[in-house]
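Undergrad: sequence first, predicted model second:
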Amino acid sequence: MAKVYQLKAIERKEGEKSNHVKKEGFIPAVVYGPGLEGENVHLKISLVDAMLMIEKIEETTPIQLKVEKENGEVYTLTAFLKTIQRHKVSDKPIHADFYIPAAGHKMHLNIPIEFVGEAKGLSKGGMLEIHHHELPVEILPKDIVEKFVVDISELDVNDHLTVKDLNIAESIDVLLDPEEIVVAIPVAGRISETTESTEEETEGEEA
């Protein structure tokens with residue numbers, strides 16, 4: 001299960017303009033999605049908190065928004081960061097969109113892969129060739145993981161792992177062919193057949 005990130009937010013007053021929000025050191029934000037009961041929720045978030053959030057979260061990170069109402073009451077919304085708008089010059093965030101999926105409905109996400117261990121084929125003249133650094137999946141919010149951990153320590157020269165070789169829960173639908181190569185250990189200096197054929201097709205298209 002992915003780690004949950006907590007973020008403080010304040011409900012924006014009706015008619016409160018974005019420029020006023022930014023002068024106070026906040027950025028405007030909105031929460032929407034089929035899992036949200038009622039209308040979209042308009043918020044403001046500390047610019048400093050927003051910048052820290054961007055550094056620490058991934059697309060797969062559930063965010064608990066601790067929302068303070070005008071009367072001081074606090075309620076929680078669990079959402080995902082959908083988009084973040086940045087200033088063209090400073091690159092600082094200027095607006096955030098949060099999405100709440102419908103309960104029981106799968107989301108389309110790209111989950112990163114972390115390769116651990118050192119392939120034994122590397123000491124025999126092999127080289128590490130990574131074909132996918134992340135996997136596109138359809139997944140229920142409750143099943144979201146921060147990353148897939150793949151142990152490559154047993155890979156020898158000319159070995160490879162395909163999508164079907166990975167230890168991924170059956171509840172997660174990977175949107176790639178099961179035979180798709182994820183990581184390989186070809187002989188150093190040689191290009192794998194998959195990479196070579198891809199390059200030939202690209203050259204043909206350019207011609």
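TA: Looks like it arrived, so ask away. Residues are numbered from 1 along each chain as shown.

Undergrad: hey, let's count contacts and neighbours off CA atoms from now on
TA: Fine.

Undergrad: which ones are touching the residue nearest to residue 167 when sequence neighbours are not counted?
TA: Nearest residue to residue 167 in three dimensions, chain neighbours excluded: residue 150, at 8.0 Å (Cα to Cα, 6 or more residues apart in numbering). Going by Cα atoms under 8 Å, 6 or more residues apart in numbering, residue 150 touches 113-116, 166-167.

Undergrad: in helices only, show me those.
TA: Cross-referencing these against helices under DSSP state H gives no overlap.

Undergrad: now which of these would you call buried?
TA: Buried by 16 or more other Cα atoms under 10 Å: 113, 115, out of the contacts of residue 150.

Undergrad: just put the contacts of residue 150 in CSV and tack on distance to residue 75 and pLDDT.
TA: Below are the contacts of residue 150 laid out as CSV (distance: Cα to Cα, whole Å; pLDDT from 0 to 100):
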residue, distance to residue 75, pLDDT
113, 34, 96
114, 35, 96
115, 38, 97
116, 39, 97
166, 39, 96
167, 37, 92
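
Undergrad: returning to what we had before: direction included, what does the helix or strand containing the residue nearest to residue 167 pair against?
TA: For residue 150, the element it lies in under DSSP states H and E is strand 148-151. Looking at strand 148-151 with DSSP bridges, its partner strands are strand 107-116 (parallel).

Undergrad: what pairs with the longest strand seen in the chain, parallel or antiparallel?
TA: With secondary structure taken from DSSP state E, the chain has its longest strand at strand 74-86. Take DSSP bridges as the rule and strand 74-86 pairs in its sheet with strand 63-68 (antiparallel), strand 93-99 (antiparallel).

Undergrad: now distance to residue 181 too, for the ones you listed, in CSV please.
TA: Listed next are these as CSV, based on distance: least, Cα to Cα, whole Å:
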stretch, distance to residue 181
strand 63-68, 32
strand 93-99, 32
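
Undergrad: make JSON lines from those and add mean neighbour count to it.
TA: What follows is those, written out as JSON lines (neighbours: other Cα atoms under 10 Å):
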{"stretch": "strand 63-68", "mean neighbour count": "20"}
{"stretch": "strand 93-99", "mean neighbour count": "20"}
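
Undergrad: how about those strands, which one is nearest residue 124?
TA: strand 63-68 (44.8 Å; Cα to Cα).

Undergrad: now that closest one: how far from the chain's centre is it?
TA: Distance of strand 63-68 from its chain centroid, counting by Cα atoms, centre = their mean, to the nearest Å, is 20 Å.

Undergrad: break the protein down into its domains, please.
TA: 5-99, 107-206 (automatic domain parsing).

Undergrad: those: lowest mean pLDDT?
TA: Mean pLDDT is lowest for domain 107-206 among the domains of the chain, at a mean of 87.

Undergrad: spit out the contact partners of residue 34.
TA: 100-102.

Undergrad: repeat for residue 177
TA: residue 163.

Undergrad: give me the distance between it and residue 46.
TA: 43 Å (Cα to Cα, to the nearest Å).

Undergrad: over to residue 23?
TA: 11 Å.
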